[in-house]
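Visitor: Dropping a prediction and its sequence here:
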Amino acid sequence: MNAPDRYERFVVPEGVAKVSYERDTKIINAASFTIEREDHTIGNIVRMQLHRDENVLFAGYKLPHPLKYKIIIRIHTTSQSSPMQAYNQAINDLDKELDHLKNAFEAELARHSGSQSRQY
Amino acid sequence: MEEQKTPKISVWDLPDVPKGKLPPHLEIQRTRVLCTSDAPTHTENIRYSGAYASMGVDNSLQLEHFHDNFRLEVIRLNEDDMEFDMIGIDAALANALRRILIAELPTMAIEKVLIANNTSVIQDEVLAHRLGLIPLKVDPRMFEYMSENDVPNEKNTIVFKLHSRCERGSSRIKVLSNELQWLPRGSELALSTEKPAVDPTSRPRTYTSFNCSQDSLPEFSNNPIGPKHADIIIAKLGPGQEIELEAHAVKGMGKTHAKWSPVATAWYRMLPEVVLLQEVEGEKAEELVKKCPVKVFDIEDIGKGRKRATVARPRSCTLCRECIRGDDWDKYVTLRRVKDHFICK
């Protein structure tokens, strides 16, 4: 009865921004990003990539409620870089890593089956 | 910078630790999960780049490291299943891959069922549910998503028809999935709002408006669309019962409903590593080999009639911990898992 429609999990309604940004007033170089209609699949990966950055002091994500489909990522950085920069850098790095993974996978499949590789 | 783990050894006697690497016990902590008989320990990933800063070891991951260390090996590839290994990635990536495989890959499945006649014992909605779960052999990339406002046309819908009856006087029949016939020209049922056509030559409007027959696309004319397995039982009919319906299949993702999930399941586990701390010889070796239910250990002869146990197939270890049950076995065998080697199935 209370559960929202299943397509709400990934369809962003009109007028709602996919990613929004709020600076933290009390701590410098800290911000929260709210991403609509995403879940642990993206949140965990971005968090992991942010941890690998040496300028990031704190990185975490949470789902405020499992029936409201959005995640909040909180980032604190040193004064060397800003949360916005760290976030962008993390996403770009992830993009490249996943591209590399996809290429390696396709190469491996082609090698293994010896015929045209399937795309996953 | 060397830690003294055991007392009474002077600092000058400790082995040199090469700069830039961790001493072996910390390296084990970082890269392996220790599975003791109570619970696994050191399960967290020490991904924080500043960890081990005091030892002078840089833990942050650069893109080049990833390029160098990452390896992927396909172990087995059949039409229906696949097993492959990913080495050098993080648990979060493996989990994300698993979640995406289950939920976010699009497929086609039957969504709307228009029932003209159903006198069987299976209720309408149960029959529709069963039809939705049947896997269809069609490439979802040829189709587009359909939202509620769209008109069903040949780019986003596949239409099937099922008409089956059991004659009076014969025994029960099973309705199998190969009786679902593909209609490449679209729906044949006329819309109920149509008044009887004045002009008998014009075609009445049906539930779908196909502009051209799907048969004309080259991919479909050679391999017709149908269910993947022909022997799925949809319903059973007794004498005198009949089912006549039309089913429309659309594109969707597993997130919306599990019928659109392309995999039966997808899982991953970390590579197990079984290490013998001391030499296990003779009768103890035989006992060890017998203990393991998946036969991880093997006997090897080292001359003079003595036998020794070796680890032959660590990959098949299911971590049942049989080999460390009982007293004293802890000293001989440790079970560990390699943290960045994932076996995915």
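Guide: Looks like it came in fine. All figures in this text were calculated on a predicted structure; none of them were measured in a lab.
Visitor: which parts of the stretch 151-300 of chain B sit against chain A?
Guide: Applying C-beta under 8 Å from any C-beta of the partner chain, one finds that the stretch 151-300 of chain B approaches chain A through B:253, B:255-257. Quick note: C-beta positions are derived from backbone N, CA and C, even for glycine.
Visitor: all helices for chain A, in order.
Guide: Taking DSSP state H, the helices of chain A run over residues A:40-51, A:83-113.
Visitor: just to revisit the earlier point, take the residues of the stretch 151-300 of chain B next to chain A and write them to a markdown table, including pLDDT, neighbour count and distance to A:Glu22.
Guide: A markdown table is the format used below for those (pLDDT from 0 to 100; neighbours: other C-beta atoms under 10 Å in any protein chain shown; distance: C-beta to C-beta, whole Å):
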| residue | pLDDT | neighbour count | distance to A:Glu22 |
| --- | --- | --- | --- |
| B:Met253 | 84 | 21 | 30 |
| B:Lys255 | 82 | 20 | 27 |
| B:Thr256 | 82 | 19 | 31 |
| B:His257 | 84 | 15 | 34 |
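Visitor: quick check, nearest of these to B:Trp182?
Guide: Comparing those against B:Trp182 with C-beta to C-beta places B:His257 closest, at 22.1 Å.
Visitor: still on that earlier bit, please render the helices of chain A as JSON lines that adds mean pLDDT, distance to B:Gly240 and mean neighbour count to the earlier fields.
Guide: Converted to JSON lines, those look like this (pLDDT from 0 to 100; distance: least, C-beta to C-beta, whole Å; neighbours: other C-beta atoms under 10 Å in any protein chain shown):
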{"stretch": "helix A:40-51", "mean pLDDT": "86", "distance to B:Gly240": "51", "mean neighbour count": "22"}
{"stretch": "helix A:83-113", "mean pLDDT": "83", "distance to B:Gly240": "51", "mean neighbour count": "16"}
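Visitor: Out of the ones you listed, flag the one nearest B:Ala247.
Guide: Nearest of the helices of chain A (C-beta to C-beta): helix A:40-51, 31.1 Å.
Visitor: returning to that earlier point: Serialize the helices of chain A to JSON lines and add fields for distance to chain B.
Guide: JSON lines is the format used below for these (distance: least, C-beta to the nearest C-beta, whole Å):
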{"stretch": "helix A:40-51", "distance to chain B": "4"}
{"stretch": "helix A:83-113", "distance to chain B": "4"}
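Visitor: Count the residues that sit near B:Arg76.
Guide: 10 (other C-beta atoms under 10 Å in any protein chain shown).
Visitor: now the residues of the stretch 151-300 of chain B next to chain A in CSV, with secondary structure?
Guide: CSV is the format used below for those (DSSP: H, G, I helix; E, B strand; the rest coil):
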residue, secondary structure
B:Met253, strand
B:Lys255, coil
B:Thr256, coil
B:His257, coil
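Visitor: between those, which is nearest B:His129?
Guide: Taking C-beta to C-beta as the measure, B:His129 lies nearest B:His257 of these, at 10.2 Å.
Visitor: Tell me if I'm right that that closest one and A:Tyr7 touch.
Guide: No - judged on C-beta atoms under 8 Å, B:His257 makes no contact with A:Tyr7 at a distance of 9.8 Å.
Visitor: what residues are up against whichever residue of the stretch 201-345 of chain B sits closest to chain A?
Guide: In the stretch 201-345 of chain B, the residue that lies nearest chain A is B:Thr256 (4.5 Å; C-beta to the nearest C-beta). Residues in contact with B:Thr256 (C-beta atoms under 8 Å, 6 or more residues apart in numbering or on different chains) are A:6-7, A:9.
Visitor: Chain B next: which of the residues you listed are close?
Guide: Okay, of the contacts of B:Thr256 touching chain B (C-beta under 8 Å from any C-beta), that's A:6-7, A:9.
Visitor: Would you show me how to pick out the buried ones of the residues you listed in ChimeraX?
Guide: Buried residues within those, by 16 or more other C-beta atoms under 10 Å in any protein chain shown, are selected in ChimeraX with:
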select /A:9
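Visitor: possible to save the ones next to chain B among the contacts of B:Thr256 as a markdown table with pLDDT?
Guide: Below are those laid out as a markdown table (pLDDT from 0 to 100):
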| residue | pLDDT |
| --- | --- |
| A:Arg6 | 73 |
| A:Tyr7 | 73 |
| A:Arg9 | 74 |
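Visitor: mean confidence score for stretch B:91-108?
Guide: Taken as a whole, stretch B:91-108 has an average pLDDT of 84.
Visitor: quick one: buried residues of it?
Guide: Of the residues in stretch B:91-108, B:91-105, B:107-108 count as buried by neighbour count, 16+ other C-beta under 10 Å.
Visitor: Would you map the helices across the stretch 1-150 of chain B?
Guide: Ranges of helices within the stretch 1-150 of chain B are B:24-31, B:63-69, B:91-103, B:124-132, based on DSSP state H, counting those that start in this stretch.
Visitor: Nearest to chain A, out of these?
Guide: Among these, helix B:91-103 comes nearest to chain A, with 4.1 Å by C-beta to the nearest C-beta.
Visitor: what residues does the closest one touch?
Guide: In contact with helix B:91-103 (C-beta under 8 Å, 6+ apart) are residues A:40-42, A:44-45, A:47-48, A:97, A:101, A:120, B:45, B:86, B:253-255, B:261-263, B:265-268, B:339, B:342, B:344.
Visitor: Just want the angle from that helix to helix A:83-113.
Guide: Helix B:91-103 and helix A:83-113 are oriented at 70 degrees to each other (axes from the mean of the first three to the mean of the last three C-alpha atoms, to 10 degrees).
Visitor: what lines up beside the helix or strand containing B:Met270 in the sheet?
Guide: Secondary structure assigned from DSSP states H and E places B:Met270 in strand B:268-276. Sheet partners assigned to strand B:268-276 using DSSP bridges are listed as strand B:333-344 (antiparallel).
Visitor: Next, count neighbours for B:Ala230.
Guide: Per other C-beta under 10 Å, the neighbour tally for B:Ala230 reads 11.
Visitor: Am I right that it sits in a strand?
Guide: No - using three-state DSSP, the assignment for B:Ala230 is coil, not a strand.
Visitor: And for it, nearest residue in space, chain neighbours not counted?
Guide: Leaving aside its chain neighbours, B:Ala230 sits nearest to B:Asn178 (3.7 Å; criterion: C-beta to C-beta, 6 or more residues apart in numbering or on different chains).
Visitor: Quick check: phi and psi on that neighbour?
Guide: phi -80, psi 0 (degrees, to the nearest 10).
Visitor: Tell me which stretches of the stretch 51-200 of chain B form strands.
Guide: According to DSSP state E, counting those that start in this stretch, the stretch 51-200 of chain B carries its strands in the segments B:71-77, B:82-87, B:106-118, B:158-165, B:173-176, B:181-182.
Visitor: Contacts for the fifth one, please.
Guide: When you say that, I think you mean strand B:173-176. Outside of strand B:173-176, the residues within contact range by C-beta under 8 Å, 6+ apart are B:162, B:164, B:166, B:230-237, B:243.
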